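1. got a predicted model here, sequence first, then my questions.
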Amino acid sequence: MASPEPRCRRTQVGRRIRRHFLGELFARVILDNLGRFIVPAIAGPARLVPPESLATPDLSDVALRNAAQRGRLRAIRTPTGTWRSSKQWVDAYRQSRYASLRVTRRGTVRRSRVGPSDVRIQ
């Protein structure tokens, strides 16, 4: 049978690991909230911010990054390798996103239905 001393050490190590895990979890949550809510509110429509700050339910940050890499979304790549875009550029991308699907064979533009991005709750 093991003496109580090693068990005490194991519980202390376990507590340190849990504290580290909780600290990391809180840090991730705080950074995520800063990027999602605070940065876009402070930045305004023309300021360049990371795509994570411009993500919406219909456009994820991965979709925005992929669109920037393909050249469909106007964005700037910083020297550190991160992408920056503005709310105006994302709105322009959203408008042109499915433009080819709205054109009929005759060349006329079909009216699209109201999508989730067109509804604004105030």
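-> Sure thing, it's come through.
2. could I get the average pLDDT for the longest helix along the chain?
-> Determined from DSSP state H, the single longest helix within the chain is helix 4-33. For helix 4-33, mean pLDDT rounds to 74.
3. can you check stretch 36-54 too?
-> 82.
4. cool, stretch 67-75 as well?
-> pLDDT averaged over stretch 67-75 gives 93.
5. distance between it and the chain's centre?
-> Distance, stretch centre to chain centre, for stretch 67-75: 15 Å (C-alpha atoms, centre = their mean, to the nearest Å).
6. one step back: helices or strands up against the next helix or strand after the longest helix of the chain?
-> Downstream of helix 4-33, the next assigned helix or strand under DSSP states H and E is helix 39-43. Contact analysis of helix 39-43 by 3 or more C-beta pairs under 8 Å, 6 or more residues apart in numbering; DSSP states H and E lists helix 51-54 as its packing neighbours. In this view, the C-beta of every residue, glycine as well, is placed from N, C-alpha and C.
7. go ahead and flag the most central residue of this structure.
-> E52 (2.5 Å; C-alpha atoms, centre = their mean).
8. which residues touch that one?
-> 35-36, 61 (C-beta atoms under 8 Å, 6 or more residues apart in numbering).
9. buried ones among those residues?
-> The neighbour count (16 or more other C-beta atoms under 10 Å) marks 35, 61 as buried among the contacts of E52.
10. separation between E24 and S85?
-> 28 Å (C-beta to C-beta, to the nearest Å).
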